[in-house]
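Asks: the following comprises the amino acid sequence and a computationally predicted model.
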2 protein chains.
Amino acid sequence: MYVSARADYALRAMLAVADAAGSTGDGGLGGGELVKAASLAERQDIPLSFLQGILLDLRRAGLLHSHRGTEGGYALTRPAGEISVGDVLRAVGGALTSVRGMPADRAGYHGVAAGLRDVWLAVDGAIALVVDRTTLADLLADHATVS
Amino acid sequence: MYVSARADYALRAMLAVADAAGSTGDGGLGGGELVKAASLAERQDIPLSFLQGILLDLRRAGLLHSHRGTEGGYALTRPAGEISVGDVLRAVGGALTSVRGMPADRAGYHGVAAGLRDVWLAVDGAIALVVDRTTLADLLADHATVS
DNA sequence: CACTCTTCCTACCAACTAAGTAGGAATACT
DNA sequence: AGTATTCCTACTTAGTTGGTAGGAAGAGTG
């Protein structure tokens, strides 16, 4: 699996939004506090103008909602426990597994190589199992126990 | 997971070599019949000069041995049942999972994103489980039952 | 209305990688 | 000597990734 900078930044930004909302006392139920892009960029060391494009993707995917103006910013549309890592990856990245740039399920093998398609599908399923089971809340909880 | 053209071709070529050796009656035990690069390229629709570089990688990784000259070609160094898909992928591709071009195990997260590293390691493990369990012989057997 | 702050959106640039090509040197057999 | 094949290096080309710039549109304030 290749995790692009875009996908990496997207996850870090989502975690930072979830953390900011959760730390204000609403129990991480989402939708509360608005966080500004500039604040996210600074807290996770992400180039601001690059981050803005990523946040736009996340909003279009329905994971964030935003508000403009002086008191504007971003917030989760759902509780952190209902947003999985896979949701975020698919919002910015497309397919989890790709073969030569194409999604794994249309490979076009012939002859003796026909079985390879099933291997890629099995890999895709195994990845999905991990990333769909892990939620943002899980990751935040890990962090809390460490610090 | 991203499967590059190189990795894809490598697997198809290995399968074609294994098949050619197996169909000569030695039971697929490897090391027998030599197959020419040109024959592999034609049977699996791979650009010949590109394939030659890939075969070189596979030989350097110890999966193939080669012989030059008029009756030259390539053959497996081990039986097809002892070569896994993961062996081939690692021979041509490097790490199975990478984050922004770096191997998954050195990510450098801080703050609230610290838990991400464990996610990537879990993904890497899940992929490895699939590709290390599947051997070339498994894939050839699948093909045999279909055709 | 005028002003400020923020998200929104498009276009663009530089660097890198992947995919494929070309041409020849080394080796093996006849 | 000659031929066939692997071996190896350098190169080209096209696409993607990571990142920047500059403004338009909306939201609040006096």
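Replies: Structure's in. What do you need? Values in this document were obtained by computation on a predicted structure and should not be read as measured data.
Asks: give me the outermost residue of chain A relative to its centroid.
Replies: Ranked by distance from the centre of chain A (CA atoms, centre = their mean), the top residue is A:Gly111, with 38.2 Å.
Asks: how much space separates it from B:Ala128?
Replies: According to CB to CB, to the nearest Å, A:Gly111 and B:Ala128 sit 27 Å apart. Backbone N, C-alpha and C define where each C-beta goes, glycine included.
Asks: look up how far chain B lies from the residue farthest from the centre of chain A.
Replies: 7 Å (CB to the nearest CB, to the nearest Å).
Asks: now stretch A:132-141: buried residues?
Replies: For stretch A:132-141, the neighbour count (16 or more other CB atoms under 10 Å in any protein chain shown) marks A:Thr134, A:Thr135, A:Leu136, A:Ala137, A:Asp138, A:Leu139, A:Leu140 as buried.
Asks: the residue farthest from the centre of chain A reaches B:Arg43, doesn't it?
Replies: Yes - between A:Gly111 and B:Arg43 there is a contact under CB atoms under 8 Å: 6.5 Å.
Asks: find residues that contact each of those two.
Replies: Contact criterion CB atoms under 8 Å, 6 or more residues apart in numbering or on different chains; residues shared by A:Gly111 and B:Arg43: B:Ala16.
Asks: and A:Thr70, that one's in a helix?
Replies: No - A:Thr70 is assigned coil when assessed by DSSP: H, G, I helix; E, B strand; the rest coil, not a helix.
Asks: that one: neighbour count?
Replies: Using other CB atoms under 10 Å in any protein chain shown, A:Thr70 has 4 other residues around it.
Asks: just the strands in chain A please.
Replies: Applying DSSP state E to chain A gives strands spanning A:2-3, A:64-67, A:73-76, A:98-99, A:102-103.
Asks: mind listing what's buried along stretch A:5-23?
Replies: Buried, per 16+ other CB under 10 Å, within stretch A:5-23: A:6-22.
Asks: which residues does stretch A:38-47 contact?
Replies: A:9, A:12-13, A:16-17, A:20, A:48, A:51, A:55, A:73-74, B:111-113.
Asks: can that stretch be found next to DNA strand D?
Replies: Yes - judged by CB under 7 Å from any atom of the strand, stretch A:38-47 and DNA strand D are in contact via A:Pro47.
Asks: in chain A, which residue is most central in space?
Replies: A:Val88 (2.2 Å).
Asks: quick one, what contacts that residue?
Replies: With CB under 8 Å, 6+ apart, A:Val88 has these contacts: A:Ala7, A:Ala10, A:Leu11, A:Met14, A:Leu58, A:Leu63, A:Leu136.
Asks: go with 6 Å
Replies: A:Ala10, A:Leu11, A:Met14 (CB atoms under 6 Å, 6 or more residues apart in numbering or on different chains).
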